[in-house]
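Chemist: coords please:
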Amino acid sequence: MPRYLDPKNDIPFKKIFGEHQDLMISFLNSLLPLPAGREIVELEYLSPELVPNNPFLKDSFVDVRCTDAQKRQFFVEMQMYWNQIFLQRMLYNTAKLYVRELETGDPYGALKPVYGLAILNDIMTDAEGGKEHTHWYHRYQMTEETHSQEKILGVDLTLIELPLFKPESVVERQMTRLWLRFLKEVRHDTDQVAPELLANEYTRSALRICEEGAYSPAEREAYENYWVAAWSRTAELHAGREEGRKEGLAEGLEKGLEKGREEGREEGREEGEKQSALRIAERLKQKGFSPAEIAETTGLSIDEVQKLLS
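Modeler: You can find the predicted model right below:
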């Protein structure tokens, strides 16, 4: 039985959705709120110039851009973790595509809709780290405040919180359910998949593309490097949030407690970083990394890693 790579990673994601038009068309038609009778029937890939292809950038994520026969543009991204500027960046990148549609002198009536689709492998939270949502599907449009049916069309954003998705959430749209199950259930070194995914022609094709044996040594190295960068960035974000929270609580203390506050903040920061490192080590363990690789990536000692693996 074949083993699969995680399709949320940069390398498999772009192979599936950036090189196979039939899979991308099925994916977009399933997840975007396209008007009835105006589904995508063909598309053309565009250069992913908005996002440099470098997994070691602090806010690295996967993007694929394309346009269809109706000249509508689509911007798709896979984001591994949540941060507070995510929606603003998503709006900025999608709006940039919209603005670039016109050349000097072109009429505004020539503008076509631009759809942004983001798959978030995390939970959206507020600034204090509390959960904001329990539902997984979010659509953002520009609407009139008191009459929401009145809209300014142009930029249409859809965000999916993948961890909140449950198969029973989607009853009437089979392909929506199948594509989200594919992204959520297929992980690093998965060797068994749901029969439902194998029975469908689109998800079956995507699974074949994810087979571990189909990747060169260089692609496997890039695949592993992407995970290291993603988990390291996750640890950095968790540590930053914890530090900010502690500093916010400390602001109300009297000046006479300044020294004790600094000592406590440092101890809390160290403990937060240690817990973040342990969470990353656990994830790397699940992905098959060796104890030495886990220790090098997280900064934990070999003894600490061995205790975690025991």
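Chemist: For burial, what's the neighbour tally of residue 108?
Modeler: Number of residues near residue 108 (other CB atoms under 10 Å) recorded here: 8. No exception for glycine: its C-beta is placed from N, CA and C like everyone else's.
Chemist: Tell me if I'm right that it and residue 102 touch.
Modeler: Yes. Using CB atoms under 8 Å, residue 108 is in contact with residue 102, at 7.3 Å.
Chemist: Going along the chain, name the helices of this structure.
Modeler: 10-17, 21-31, 86-99, 174-185, 195-199, 201-210, 217-250, 258-286, 291-298, 302-309 (DSSP state H).
Chemist: For residue 123, see how far away residue 162 is.
Modeler: 9 Å (CB to CB, to the nearest Å).
Chemist: oh sorry, the question was meant for residue 76
Modeler: As judged by CB to CB, residue 76 and residue 123 stand 20 Å apart.
Chemist: Compare these two (neighbour count), which wins?
Modeler: Comparing residue 76 with residue 123 by other CB under 10 Å, the one with more neighbours is residue 76, at 24 against 16.
Chemist: how close does that one get to residue 179?
Modeler: 12 Å.
Chemist: And residue 96, by the same measure?
Modeler: Shown here: residue 96 relative to residue 179, a distance of 26 Å by CB to CB.
Chemist: What pLDDT does the model give the residue positioned nearest the centre of the chain?
Modeler: With distances taken as CA atoms, centre = their mean, the residue of the chain nearest its centroid is residue 79 (1.8 Å). Residue 79 is assigned a predicted lDDT (pLDDT) of 88.
Chemist: I am assuming it contacts residue 119, so please confirm or correct that.
Modeler: Yes. Counting by CB under 8 Å, residue 79 touches residue 119, with 7.0 Å between them.
Chemist: Low-confidence ranges, this structure, go.
Modeler: In the predicted model of the chain, residues 48-62, 126-133, 171-172, 233-277, 279, 283, 286-288, 296-298, 309-310 satisfy pLDDT under 70.
Chemist: if you count residues, which strand in it comes out on top?
Modeler: strand 151-161 (DSSP state E).
Chemist: Can you give me the buried ones in it?
Modeler: For strand 151-161, the neighbour count (16 or more other CB atoms under 10 Å) marks 154-161 as buried.
Chemist: now swap in stretch 189-197 and tell me
Modeler: Residues of stretch 189-197 classed as buried by neighbour count (16+ other CB under 10 Å): 190, 193, 197.
Chemist: could I get these as a markdown table with distance to residue 39?
Modeler: Shown next, in a markdown table, are the buried residues of stretch 189-197 (distance: CB to CB, whole Å):
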| residue | distance to residue 39 |
| --- | --- |
| 190 | 30 |
| 193 | 27 |
| 197 | 22 |
